[in-house]
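Asker: no sequence on hand, only this structure:
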């Protein structure tokens, strides 16, 4: 009977201790607690979650010496001129200087396919320096205000 007494005392002590103890009980108790709202206050600092590029690609400054340095997306058509029976396109650069282009002139990522009286068709053969499997034709028109 003496050996039985310590087991009974241990069982009584275990019954008096609350059942919820340990890491599992702490997780259950936290899930029952009201949710705490967390917010970020930059206090004049840059928001670390905001995209620094804001959707813009990083491009390095290039020196444009001719049509072969221009990308098709950078071209703005200022006007179309008929000279000597064929059309020429007057292209405006970002710096404001105009250049003329003829059919067949090479660009950095394509060439001038055709020039008509109201539009210029450019064929894009490269995308970021990589040759395209299927070239894209891009049509740039003169707006009615510029005619």
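Answerer: Here it is on my side, so go on. Note that this is a predicted model, so its numbers are computed, not measured.

Asker: and for the helix or strand containing residue 133, what's in contact with it?
Answerer: In this assignment (DSSP states H and E), residue 133 forms part of strand 130-141. Contact partners of strand 130-141, identified using CB atoms under 8 Å, 6 or more residues apart in numbering, comprise 72, 75-77, 110, 113, 118-126. (Each C-beta comes from the backbone N, C-alpha and C, glycine too.)

Asker: stretch 105-112 now?
Answerer: 67-72, 75, 89, 101-104, 120-127, 129, 135, 138.

Asker: which ones are touching residue 115?
Answerer: Residue 115 neighbours (CB under 8 Å, 6+ apart): 80, 86-89, 101-103, 121.

Asker: show me the beta-bridge partners of the closest residue to it other than its chain neighbours.
Answerer: Leaving aside its chain neighbours, residue 115 sits nearest to residue 87 (4.0 Å; criterion: CB to CB, 6 or more residues apart in numbering). Residue 87 has these beta-bridge partners by DSSP bridges: residue 82.

Asker: near residue 92, how many other residues are there?
Answerer: 15 (other CB atoms under 10 Å).
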